[in-house]
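S.K.: missing the sequence, but the structure's below:
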Ligand SMILES: Nc1ncnc2c1ncn2[C@@H]1O[C@H](COP(=O)(O)OP(=O)(O)OP(=O)(O)O)[C@@H](O)[C@H]1O
């Protein structure tokens, strides 16, 4: 669905590259997460993939279209929900979607149904200019799926939303993905990435450092650690046991043999910890 090879991009058209030799593929039906700190090159990559920025060096295809011969027809096949996407403030929520659907040459979704899906049906006749940031965000999100895209670009889809609404946005993404939509998701949020993504790519300073599934990354780079709380005499002790260390495994055996365990659970590494380990950088 997406294939790019050796993308280089410089805003200043010199050797000061915002993207350096970026290559990756996203298969049909995948949820692919692009993770990186601020300034890493996520928006630049998304900009090239969605035709907002011209391709400078390298090559790529998006939804069957060659990035070097950009054809506006690609917009019938893709959906784009970026944080900074504008909604028309003087139009109502419904009018925004009615207007937007006319831009497509393909069958579109019913605007009323979409507004219901994102919880904006009760304000459908209010001007979007009066909406809160989170409501505008949901309207942009709804708008981005109006053309039933086969490839959906989502930028920080749950940022700034309250947990219940964030949960329903995640559910919609999962549902659409089940129906076959490929998702390219950009985020700083490793919990979202971990929950939604089949594979993630870590990008730092314009370079892709690693691409794999969250599970494989945890297996490969995370430590297997068990946290045990146990009674030693009257005193409650806590031990963190690294299962890759023989001495620590023996200690765990001793604790188990003593039989005074109060609580025991595995502590798998988070994607953020692995990101820091692999890139030497945090995600913010
Ligand atoms: N319009 C621009 N002109 C010049 N440099 C830019 C421009 N936009 C981005 N850059 C630079 O390109 C690099 C990559 O930026 P980009 O916006 O792609 O990062 P990002 O990962 O999307 O960050 P964020 O998470 O903050 O959106 C940064 O060094 C940034 O300063």
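M.R.: Thanks, I have the structure now. Note that the structure is a prediction, hence the values are computed from the model and not measured.
S.K.: which one is residue 212 nearest to, not counting chain neighbours?
M.R.: Spatial nearest neighbour of residue 212, excluding adjacent residues (CB to CB, 6 or more residues apart in numbering): residue 199 at 6.2 Å. Glycine gets a C-beta too; all of them are placed from N, C-alpha and C.
S.K.: Residue 32 is in contact with that neighbour, correct?
M.R.: Yes. Judged on CB atoms under 8 Å, residue 199 makes contact with residue 32 at a distance of 5.6 Å.
S.K.: who has more neighbours, those two?
M.R.: Legend: neighbour count by other CB atoms under 10 Å for residue 199 and residue 32, higher for residue 32 (23 against 20).
S.K.: so who does that one touch?
M.R.: Applying CB atoms under 8 Å, 6 or more residues apart in numbering, one finds that residue 32 lies in contact with 2, 24, 26, 182, 183, 184, 185, 197, 198, 199, 200, 201.
S.K.: Of those, which belong to strands?
M.R.: Counted as lying in strands by DSSP state E, out of the contacts of residue 32, are 2, 24, 26, 182, 183, 184, 185, 199, 200, 201.
S.K.: ok, so of the residues you listed, who is nearest the ligand?
M.R.: residue 201 (11.9 Å; CB to the nearest ligand atom).
S.K.: Now do the same contact list for the nearest residue to the closest one once chain neighbours are set aside.
M.R.: Excluding the flanking residues, the one nearest residue 201 by CB to CB, 6+ apart is residue 211, at 4.4 Å. Residue 211 is in contact with 24, 199, 200, 201, 202, counting by CB under 8 Å, 6+ apart.
S.K.: 7 Å instead, please
M.R.: 24, 199, 201 (CB atoms under 7 Å, 6 or more residues apart in numbering).
S.K.: now check the helix or strand where it lies, is it near the ligand?
M.R.: Following DSSP states H and E, one finds residue 211 within strand 207-212. No. Strand 207-212 lies out of reach of the ligand by CB under 6 Å from any ligand atom, never closer than 11.3 Å.
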